[in-house]
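Undergrad: Sequence first, then the predicted structure:
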Amino acid sequence: MKRGLVLLDPTETTTEELKARVSDCQRLLQDRGIDLALIYGDVYRSGDITYLSNLCIYWNEGILLVPAKQDPVFLTKLSRRVHPWMRANSIIEDLRSGPNLAQLVAEYVNEQPAGVIGLSEMNWWPASVIEELRAKLPGWELRDLQSAIREKRQVPSASEQKLLLESAKVSARAVAAGLDGALSNPERAGAAERVARMAGVEDVFVYCYESGSQADTVEVISEYRGYWTTAARVIARESADWANMMDVTYGVIVQELRAGTDLNRLYAQLGAVIPEENNLSWKLDLIHHTDIETQGDYRLPDELDKPIPAGSVVGLRLVCTFADGTEAVMADTFAVEEYGANRLTGDLPIARYQPNEK
């Protein structure tokens, strides 16, 4: 099941807040001289669309069209039978379906004088859709909006912080359910996913795998009300000495996490902690909550070195790779403040040792 519970709960996110986000986007368009924005989304990546509308692209693909001065419109390949459900769970009233997204855009702008259309993160759009847009919109300029909308999402509002905290609690509980020495990895995956699904997530990725010959990793990535968080822990035998080193190293890295921190700074701390004679390979990642949806795959190279601003919510991930190619992972989701970070995923055990053979 790709998508679970989808709803619009006014006690969590008000329609006024959603409309304010759209207005903020429209001010950006007006400031840049752009007539309308197109935001592409599919099953793998649709966070910007959810942020502005609460729509969930549970299947296929679609475009949120945001005019600079009118109400947004959702264009999709999904059939019209889902329109009532989408209206009930979003702020979008105008939904249009058809087999060709570029044609739907062309039909919308057909009677308007040619102007400028901004494509959110144009480099990640399917090339075929952009080619069709150029062919069907003669006289219109297609301009890259880059990551403007995603960047606005990186520092969450008070209501978003509450939902991120709940999402993080779900991820942590799911990992904890898998940290049972009596379970096999498939059983761990089932236990973890059951916890997340029963908590009402829209989506969840569960990875349970061997970490060398003496341990396993349980890693969970959850989406709750459109907000993504992550957590991971290792379950190891007493004889796995590297697990103690991973425990200490992760703790040192966490202490370094605060506003202004970047990945290079964390790597410097990693190099200071790991012994020179260590024969394991170590890797770090620092992922904004807006990028956990795609596990960081859609970030541009220059984004990786940017400092984390105060108020951000991020996933921290430490990976230890063994000679056999397997990995051990520790991860949490943090709210980053000026002088430190609050672990939203709580006090999960760093490593849980098994008294018996794996």
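TA: Happy to help now that I have it.

Undergrad: which non-adjacent residue is nearest P72?
TA: Spatial nearest neighbour of P72, chain neighbours left out: V66 (4.6 Å); criterion: CB to CB, 6 or more residues apart in numbering. All C-beta spots, glycine's among them, are computed from the backbone N, C-alpha and C.

Undergrad: Give me the neighbour count for the one you found.
TA: When neighbours are defined as other CB atoms under 10 Å, V66 has 25 of them.

Undergrad: For it, list each beta-bridge partner.
TA: Residues in a beta bridge with V66, per DSSP bridges, are A37.

Undergrad: is it true that it touches D35?
TA: No: contact criterion CB atoms under 8 Å: V66 and D35 do not qualify, at 10.3 Å.

Undergrad: what touches both of these two?
TA: Taking CB atoms under 8 Å, 6 or more residues apart in numbering as the contact rule, the neighbours common to V66 and D35 are L29.

Undergrad: any chance you could map the helices in the stretch 51-200 of the chain?
TA: With DSSP state H, counting those that start in this stretch, the ranges of helices along the stretch 51-200 of the chain come out as 83-88, 101-109, 127-136, 148-153, 158-178, 185-198.

Undergrad: out of the ones you listed, nearest to L257?
TA: Each of the helices of the stretch 51-200 of the chain was scored for nearness to L257 using CB to CB, and the closest is helix 158-178 (14.7 Å).

Undergrad: roughly how far is that closest one from the heart of the chain?
TA: The gap between the average C-alpha position of helix 158-178 and the chain average comes to 13 Å, counting by CA atoms, centre = their mean, to the nearest Å.

Undergrad: Next: stretch 40-54.
TA: Between the centre of stretch 40-54 and the centre of its host chain there is 11 Å, according to CA atoms, centre = their mean.

Undergrad: And it, end to end?
TA: 14 Å (CA to CA, to the nearest Å).

Undergrad: in it, what counts as buried?
TA: 40-41, 45-54 (16 or more other CB atoms under 10 Å).

Undergrad: what's near enough to touch the residue nearest to A106 when sequence neighbours are not counted?
TA: Nearest-residue entry for A106: K136, 4.1 Å, with adjacent residues in sequence omitted and distances by CB to CB, 6+ apart. Residues in contact with K136, defined by CB under 8 Å, 6+ apart, are 102-103, 105-106.

Undergrad: Pull out the buried members of these.
TA: For these, burial is judged from neighbour counts taken by 16+ other CB under 10 Å, and it is met by 102, 105-106.

Undergrad: and the residues you listed as JSON lines, adding pLDDT and distance to L263?
TA: Rendered in JSON lines, the data for the buried ones among the contacts of K136 read as follows (pLDDT from 0 to 100; distance: CB to CB, whole Å):
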{"residue": "A102", "pLDDT": "98", "distance to L263": "38"}
{"residue": "V105", "pLDDT": "98", "distance to L263": "37"}
{"residue": "A106", "pLDDT": "97", "distance to L263": "42"}
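
Undergrad: which among those gets closest to V319?
TA: Ranking these by separation from V319, with CB to CB as the measure, puts A102 on top at 40.2 Å.

Undergrad: That closest one touches W125, doesn't it?
TA: No: checked against CB under 8 Å, the pair A102 and W125 is beyond contact range at 10.8 Å.

Undergrad: Kind regards, and thank you for your time.
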